[in-house]
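> I need the structure of the sequence given here:
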Amino acid sequence: NPQPYLPGERAYYRVIYKGSPILTDSPLGLDFLGASPLDRDFEVVKTDRQSHDSTWENAFGAKRVIPDRYNELTISLREKQPPGRKVDLIFRAYNEGVAFRYFLPEQEAMKEFTLASENTGFHFAGEVFGYVLNMGRFNTHNEGEYLRTALMEIKPASIINLPLLVEVPGGPWVALLEADLADYAGMYVGGVPGVANALVSKLSPAPGRRAEEAVIGSTPKATPWRVLMVGPTPGRLIETNYLILNLNPPCALADTSWIKPGKAAWDWWSGSFARNVNFKPGMNTPTMKHYIDFAARHGLEFMLIDAGWYPTTNDSINDDILSYIPEVDIPEILAHAEKKGVKVILWVEWRPLDRRLDEALALYE
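Here you go, the predicted model:
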């Protein structure tokens, strides 16, 4: 389907929700280091359609029986020109959204590969707004404010975090994210030169790798699912949408009885705030006990004590995670929590924990 900004016979997809276009023709393609892109002049080798309708039991969450219903289309493509590389495009349509992935079958023309970029487009059909976290680079803490931004203002050089929530004026709402991410680069998105309201995937290379070495692998190889959740309101995207659960592989643990999920009071959010108290709120024992009481009153299972409870150094790897600062009496806090029926979660930075893992975990247990 040729487009003026991307000539040649190419693979495109589009998304329509209840008769309204969400994505217009959006290109698909893979670009390999040391080889031409695998993105045009294909022949269709075969197509396969499947329907799936089942349920499965989830050990956690508000809904324990999860529906998994979709229609699937697999299109097997092969380059018309040598070396005749092959790629399958796998699409799924759910009531709650769509998902698709690339699959590179085992083949003589491509046994091992280095993927420089995955040129997956997300071209919205009109002017839309995104709630955008733009950290400006790949290697970040992935925490920040999501700013309402017109998609046409996102630059090609931008590196936008997922998930990306998109507001279509008049509805619906769309969440762009990924699933089944394993042995592959994480996906970010940026703008498309010369095309308004369009995004393209950007793959994050592993630390120490060059930018054009995003994924090093061998066939057969499937990419993660690229997911577009769609709903009439933002709330519906989390209340009754199970796409990510369904698209990820099932739990690998045979016994999950030791996992105790729940809700937590959390000093990182609210520890500096308390009304009508006889202490100064902050990283101290009275504050932690105050929020343990809050958790007990409101049926929260946990109190999470975040960074700051143990002595730190200029080099965090040497932090004393086997002790606690005088202002935060951990044994007293634990005794109070036990009396109130609240469990305590302690935050620990990974580097000092890695250095003293056995000793620290024995103490915490």
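> CA only for contacts and neighbour counts going forward, please
OK.
> how much space between the residue of the chain positioned farthest from its centre and Pro286?
What lies farthest from the middle of the chain is Asn278; by CA atoms, centre = their mean that is 42.3 Å. Taking CA to CA, to the nearest Å as the measure, Asn278 falls 9 Å from Pro286.
> what is in contact with these two at once?
In terms of CA atoms under 8 Å, 6 or more residues apart in numbering, Asn278 and Pro286 are not both contacted by any residue.
> Just the pLDDT for the residue nearest to Ala150 when sequence neighbours are not counted.
Spatial nearest neighbour of Ala150, excluding adjacent residues (CA to CA, 6 or more residues apart in numbering): Phe129 at 4.3 Å. According to the prediction, Phe129 has pLDDT 97.
> is Phe129 in a bridge, and if so with what?
Beta-bridge pairing for Phe129 (DSSP bridges): Ala150, Glu167.
> Quick check: it touching Leu147?
No: if you go by CA atoms under 8 Å, Phe129 and Leu147 don't touch, sitting 9.7 Å apart.
> okay, these two: which has more neighbours?
Neighbour count, other CA atoms under 10 Å: between Phe129 and Leu147, Phe129 has more, with 20 against 12.
> What residues does Pro172 make contact with?
Here Pro172 is in contact with 230-233 (criterion: CA under 8 Å, 6+ apart).
> lowest-confidence helix or strand of this structure?
Across the helices and strands of the chain, mean confidence by mean pLDDT, DSSP states H and E is lowest for helix 267-270: a mean of 88.
> quick revisit: what's the spacing between the residue farthest from the centre of the chain and His290?
Taken as CA to CA, the span from Asn278 to His290 is 11 Å.
> related to what we said a few turns ago, secondary structure class for the residue farthest from the centre of the chain?
Under DSSP: H, G, I helix; E, B strand; the rest coil, Asn278 falls in the coil class.
> the helices in the stretch 151-300 of the chain, which residues?
Applying DSSP state H, counting those that start in this stretch to the stretch 151-300 of the chain gives helices spanning 236-239, 243-247, 267-270, 285-298.
> which stretch in those helices has the least confidence?
helix 267-270 (a mean of 88).
> Name the residues of that helix that are buried.
Buried residues in helix 267-270, counted by 16 or more other CA atoms under 10 Å: Asp267.
> And stretch 339-356, by the same measure?
Counting neighbours by 16+ other CA under 10 Å, the buried set in stretch 339-356 is 340-345, 348, 352-353.
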